[in-house]
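Novice: build the 3D model from these lines:
(chains A and B)
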Number of protein chains: 2
Amino acid sequence: MEKLTGTAVVAHGGGPTAVINASLAGVIEERRRHGEITALYGARHGIQGVLEEDFIDLDREDPDLVELIAHTPGSALGSCRYKVKEPDYERILEVFRAHNVRYFFYTGGNDSMDTTLKVARLARERGYELRAVGIPKTIDNDLAETDHCPGFGSAAWFYACALRDIGADLRELPRRVTVVEVMGRNAGWLVAATALARRDPDDPPQLIYLPERPLSGDKLLADVEAVYRRLGYAVVAVCEGQRDEKGEPFGADLIAADGFAHELAGNLAHALSQLIARRLKLRARSEKPGLLGRTSAAFISESDQREARMCGREAVRTALEGATETMVTLVREPGSEYGVRTGLVELERVANIERRFPPEWIHPEGNDVLAPFLDYARPLTGPLLPRARLRGVPVPRRLA
Amino acid sequence: MEKLTGTAVVAHGGGPTAVINASLAGVIEERRRHGEITALYGARHGIQGVLEEDFIDLDREDPDLVELIAHTPGSALGSCRYKVKEPDYERILEVFRAHNVRYFFYTGGNDSMDTTLKVARLARERGYELRAVGIPKTIDNDLAETDHCPGFGSAAWFYACALRDIGADLRELPRRVTVVEVMGRNAGWLVAATALARRDPDDPPQLIYLPERPLSGDKLLADVEAVYRRLGYAVVAVCEGQRDEKGEPFGADLIAADGFAHELAGNLAHALSQLIARRLKLRARSEKPGLLGRTSAAFISESDQREARMCGREAVRTALEGATETMVTLVREPGSEYGVRTGLVELERVANIERRFPPEWIHPEGNDVLAPFLDYARPLTGPLLPRARLRGVPVPRRLA
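Specialist: Residues are numbered from 1 along each chain as shown, chains lettered A, B, ... in the order given. As a prediction, this is how the structure comes out:
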């Protein structure tokens, strides 16, 4: 493969994660080892920064600071949710030409991968030599063709710890139900990870619902009632994108029928807690950690951070070897010890495709996940802080 | 003071905190040093455990396990929100007599202090010798006569870190507003602590509202709009118990007028985000960490834990010296170095009294707190994890 000399641009797309900066550090670090990349720019706020020619010079950043950035959650470059329109692609190419950009590294989810692919294709059509490589990133874990996505492990760890802590509160001050809303749009990976909170089978969360499995209101209420009767409290984990049997956002009809307005966007857990309170006459509440799930500085999984950085380095390496229209993947090594290596996949097998949670890992009752998922997810997260419990030897009663 | 020999009972009332178990460990630890306490019982689920004669024998707990419990958030004994009724007090006394209980340590807030006082008074009226001492505990920090309350520092730390992390997400992926709901019922101490998230004056949260200062909808909307225009995003911290100018739960009329149902209990931040979205036409969302704020194993402030334990030890010591109908307090030592010692206050100066946030620490605009509060609160919390930021040297533009 012929050497291609020019500027490289790195950008972040979509929601920040706890380790997207580790991927950035990987790009910066690897680029230093290769002369073909004559300058490394960071686009401010993702593809919007490219469109607006808003770049920062990453060669002017101190290596020690880059090392700190590698351990800082969130997007140091800034990100965006801008939907790229057809005419924008010509502008992107114009900006790339103006700065002799020959390498483009876009860190994002399936939407960003689609953008990366379209930029690369247009460059090819126009005869402009550009190597565009995607770096996977999404807490939702819904990118195809990779074992898992950088960002997921840290968010999964956050939610496992959150459900463990919230669950302990419910157990200790019982006679309550809570519904915890978990991120994940259309994919159940993150809500499934709340199962890592348990040590014993009855530990919270006792009920976990995934958007891959339609749910009815009657089923939810029956499940909650059964758990509450057995244990005296119940903790429910529900994905923000849960669907009902008609494929509609879960709860829309039920909630409307119950006489209060339906504002599911951002309000699912609260609406469900109200439903449980009204129908089952139980004390119910809701928690919505929201953005904390992807941005908490206290929950950066070590393996997630290490792998995110690997992906950044590998993107540079593979582009220098000639790769384009591809995304770096994580490939799990076979065997009992957890290990991963990087791989490469064509962007057209990833762009705009959502990888849903596997049906064979969902409990037949549709309200829990199965052990193989726990084996899959555990090595991606961090340790659960110990919560000691008293032995609790009862004192014999002396009164009637 | 004559020696009083008999059983001691310790119990937890109200919501668990990150350090209530540290107070329990303090009681267990101090009791071992004194022969007058012939047995130490823990009441399961607070005063309900007393009423139901549901005790565990804390002398059967291994000291190493107690040490682990001291570092575990939440209530190892279990807690309750049971409202004690008049006839219950006779029953409490009956149970105490049956087990020769002569010491009663109740760890809780102003409601639990009221219970402690009433039990002690009834015992005195009946000529039954009992020493009842309260151990302060509340994340709300609203107990009178103490510099601060065990539990507050850890929760304050959680919220400071949460607002810092959520704020970074908003800054990095801008053009959004978020409203974060903070615990605290009628007292603004916790929502005020979110100000600790800032390093620079424009850092999030840019707006902090306290229930001590009535708020109008127009003021909120004007504040949000001004911040958004200046910075391109806005982060609002609001107390779950915020009041409007009529003393009603904030937003009730506004929200109803806006055409969606009013379910303020547990839904304030979401309702306000909807209001902002509709009136200001901005992209707005909400976060509600909820119970995580008091139970997160990742946010146990060292000073909070140490002081909670001190309070537990002091309660035993002071009761053995004859104290009753009192609560242990924390007294801040004068001087620039932070330090506290314990004090003692009569329960009748604490029971059922809410200490509100001092008006002189509220910004005249009513949307922020002032520096003296930060000096007060900072030593009670833990360190804010560093979030490194790029130098960000711009690349000169080459296109029009």
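Novice: residue ranges with poor pLDDT in the stretch 201-350 of chain A?
Specialist: A:251-265 (pLDDT under 70).
Novice: quick one: A:G74 from chain B, how far?
Specialist: In this view, A:G74 and chain B are 5 Å apart by CB to the nearest CB, to the nearest Å. Every residue, glycine included, has its C-beta placed from N, CA and C.
Novice: report the central residue of chain A.
Specialist: In chain A, the centroid-proximal residue (CA atoms, centre = their mean) is A:I139; its distance is 0.7 Å.
Novice: list the contacts of that residue.
Specialist: Contacts for A:I139 (CB atoms under 8 Å, 6 or more residues apart in numbering or on different chains) come out as A:15, A:17, A:149, A:151-152, A:154-155, A:183-184, A:190, A:293-294.
Novice: just the strands in the stretch 51-200 of chain A please.
Specialist: A:55-57, A:101-108, A:131-136, A:177-182 (DSSP state E, counting those that start in this stretch).
Novice: is it possible to export those to a markdown table including distance to chain B, mean neighbour count and mean pLDDT?
Specialist: Formatted as a markdown table, the strands of the stretch 51-200 of chain A follow (distance: least, CB to the nearest CB, whole Å; neighbours: other CB atoms under 10 Å in any protein chain shown; pLDDT from 0 to 100):
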| stretch | distance to chain B | mean neighbour count | mean pLDDT |
| --- | --- | --- | --- |
| strand A:55-57 | 4 | 22 | 98 |
| strand A:101-108 | 11 | 27 | 98 |
| strand A:131-136 | 17 | 29 | 98 |
| strand A:177-182 | 7 | 28 | 97 |
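Novice: nearest to A:A8, out of those strands?
Specialist: strand A:101-108 (3.6 Å; CB to CB).
Novice: quick one: strands adjacent to the closest one?
Specialist: strand A:6-12 (parallel), strand A:131-136 (parallel) (DSSP bridges).
Novice: just how off-centre is that strand within its chain?
Specialist: 21 Å (CA atoms, centre = their mean, to the nearest Å).
Novice: for stretch A:145-154, same thing?
Specialist: Taking mean C-alpha positions (CA atoms, centre = their mean), stretch A:145-154 and its chain are 7 Å apart.
Novice: you'd agree A:A168 is up against A:L385?
Specialist: No - using CB atoms under 8 Å, A:A168 is not in contact with A:L385, being 11.0 Å away.
Novice: give me the more crowded residue out of those two.
Specialist: A:A168 (25 against 15; other CB atoms under 10 Å in any protein chain shown).
Novice: the more buried one: what's it in contact with?
Specialist: A:204, A:387, B:16, B:73-74, B:295.
Novice: pLDDT score for it?
Specialist: A:A168 is assigned a predicted lDDT (pLDDT) of 96.
Novice: now A:A8
Specialist: 98.
Novice: could you report the neighbour count for it?
Specialist: 26.
Novice: distance of it relative to B:R102?
Specialist: 76 Å (CB to CB, to the nearest Å).
Novice: with A:S286 instead?
Specialist: 43 Å.
Novice: stretch A:186-199 near chain B at all?
Specialist: No - against chain B, stretch A:186-199 shows no contacts by CB under 8 Å from any CB of the partner chain, the least distance being 11.3 Å.
Novice: tell me the buried residues in that stretch?
Specialist: Within stretch A:186-199, the residues scored as buried using 16 or more other CB atoms under 10 Å in any protein chain shown are A:186-198.
Novice: JSON lines please, covering those residues and showing distance to A:R31 and pLDDT.
Specialist: JSON lines is the format used below for the buried residues of stretch A:186-199 (distance: CB to CB, whole Å; pLDDT from 0 to 100):
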{"residue": "A:N186", "distance to A:R31": "35", "pLDDT": "88"}
{"residue": "A:A187", "distance to A:R31": "32", "pLDDT": "94"}
{"residue": "A:G188", "distance to A:R31": "37", "pLDDT": "97"}
{"residue": "A:W189", "distance to A:R31": "31", "pLDDT": "98"}
{"residue": "A:L190", "distance to A:R31": "32", "pLDDT": "98"}
{"residue": "A:V191", "distance to A:R31": "37", "pLDDT": "98"}
{"residue": "A:A192", "distance to A:R31": "36", "pLDDT": "98"}
{"residue": "A:A193", "distance to A:R31": "33", "pLDDT": "98"}
{"residue": "A:T194", "distance to A:R31": "38", "pLDDT": "98"}
{"residue": "A:A195", "distance to A:R31": "40", "pLDDT": "98"}
{"residue": "A:L196", "distance to A:R31": "36", "pLDDT": "98"}
{"residue": "A:A197", "distance to A:R31": "40", "pLDDT": "97"}
{"residue": "A:R198", "distance to A:R31": "43", "pLDDT": "96"}
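Novice: among those, name the ones in helices.
Specialist: A:189-193 (DSSP state H).
Novice: on that earlier part again, would you mind giving the strands of the stretch 51-200 of chain A as a markdown table with distance to B:P174 added?
Specialist: Converted to a markdown table, those look like this (distance: least, CB to CB, whole Å):
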| stretch | distance to B:P174 |
| --- | --- |
| strand A:55-57 | 16 |
| strand A:101-108 | 17 |
| strand A:131-136 | 22 |
| strand A:177-182 | 23 |
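Novice: the biggest helix by length in chain A versus strand B:6-12: what angle between them?
Specialist: In chain A, with assignment by DSSP H, the single longest helix is helix A:152-172. Computed by axes from the mean of the first three to the mean of the last three CA atoms, to 10 degrees, the angle separating helix A:152-172 from strand B:6-12 equals 130 degrees.
Novice: got the angle for helix A:152-172 vs strand A:177-182?
Specialist: Using the same axes, to 10 degrees: helix A:152-172 against strand A:177-182 is 170 degrees.
Novice: and helix A:152-172, C-alpha only, in PDB?
Specialist: In PDB, the C-alpha atoms belonging to helix A:152-172 read as follows (Å, rounded to 0.1, in the frame of the first residue of the first chain):
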ATOM      1  CA  PHE A 152     -21.000   0.100  27.400                       C
ATOM      2  CA  GLY A 153     -18.900  -1.500  30.100                       C
ATOM      3  CA  SER A 154     -18.700   1.700  32.200                       C
ATOM      4  CA  ALA A 155     -22.400   2.500  31.800                       C
ATOM      5  CA  ALA A 156     -23.300  -1.100  32.600                       C
ATOM      6  CA  TRP A 157     -21.200  -0.800  35.800                       C
ATOM      7  CA  PHE A 158     -22.900   2.400  36.800                       C
ATOM      8  CA  TYR A 159     -26.300   0.900  36.400                       C
ATOM      9  CA  ALA A 160     -25.400  -2.400  38.200                       C
ATOM     10  CA  CYS A 161     -24.100  -0.300  41.200                       C
ATOM     11  CA  ALA A 162     -27.000   2.000  41.100                       C
ATOM     12  CA  LEU A 163     -29.600  -0.800  41.200                       C
ATOM     13  CA  ARG A 164     -27.600  -2.500  44.000                       C
ATOM     14  CA  ASP A 165     -27.600   0.700  46.000                       C
ATOM     15  CA  ILE A 166     -31.200   1.600  45.300                       C
ATOM     16  CA  GLY A 167     -32.200  -1.900  45.900                       C
ATOM     17  CA  ALA A 168     -30.600  -2.000  49.300                       C
ATOM     18  CA  ASP A 169     -32.500   1.200  50.300                       C
ATOM     19  CA  LEU A 170     -35.800  -0.500  49.400                       C
ATOM     20  CA  ARG A 171     -34.900  -3.600  51.300                       C
ATOM     21  CA  GLU A 172     -33.900  -1.700  54.400                       C
END
